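Chemist: Sequence and predicted structure below; questions after.
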Amino acid sequence: MAVLSNDFTNHTVLIYDMDGNHLTSTAVRSHDRESQQIRVNVMPENLKVNESCKLLMLSSPTPCEFMGKIKKVGGNLFIAMFQGQEKESRGSARYPVNTTALIDALIIDGDTHSLQTPIKVSLINISTSGVRFRAPYYSFETGDRFRMHFIISNSRKEITAEVINYVDDKNNSSDYGCRFIVIN
């Protein structure tokens, strides 16, 4: 229950329906830790009061995953947060995202080396443990570490991650699965 004691005010939250379809990404306006409810800047229109949802809180150093339920209190809409979400068999549920990101530095032997020309990539999905993205063919190898920047719901995020697997496709690109080292 330690995760629920964190204050998520001003963090970015990705909201999904129970089938894993991305509904919106928004900022947390307030977090009542006693009642475990958050108030967000944008409430998905297609979710009704007492309807369940999935939440991916982009918190530091790593994201947190919650079940949520839309609640109405005094005319205001909130999302009640609960731990214990059912997980995929792979460990962390993957949530689709559709945004671009820039990799602006490689990390080699603990030293950060800025790239003269950042690598533009397309994010595919995100989870509590990492991110998957599409990049030009042969950009990275397993074990490579990098710094990436992306914007979700007007919130800029910087992550440090390590490539744990990749799959080359026939269109001169590769999909890279990465684990988070840190997220800011």
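Modeler: That came in fine, so what should we check first?
Chemist: Select the longest strand from the protein.
Modeler: The residue-count maximum for a strand in the chain (DSSP state E) belongs to strand 111-126.
Chemist: Can you tell me which helices and strands that one packs against?
Modeler: strand 95-108, strand 130-136, strand 145-152 (3 or more Cβ pairs under 8 Å, 6 or more residues apart in numbering; DSSP states H and E). Backbone N, C-alpha and C define where each C-beta goes, glycine included.
Chemist: mind listing what's buried in it?
Modeler: By neighbour count on 16 or more other Cβ atoms under 10 Å, the buried set for strand 111-126 is 119, 121, 123-126.
Chemist: mind listing the strands for the protein?
Modeler: 12-16, 22-32, 37-40, 52-58, 64-73, 76-82, 95-108, 111-126, 130-136, 145-152, 155-168, 173-183.
Chemist: Pull up the pairing partners for the longest one, direction included.
Modeler: When you say that, I think you mean strand 111-126. strand 95-108 (antiparallel), strand 130-136 (antiparallel) (DSSP bridges).
Chemist: angle of the first one against strand 52-58?
Modeler: Put simply, strand 95-108 runs at 20 degrees to strand 52-58, going by axes from the mean of the first three to the mean of the last three Cα atoms, to 10 degrees.
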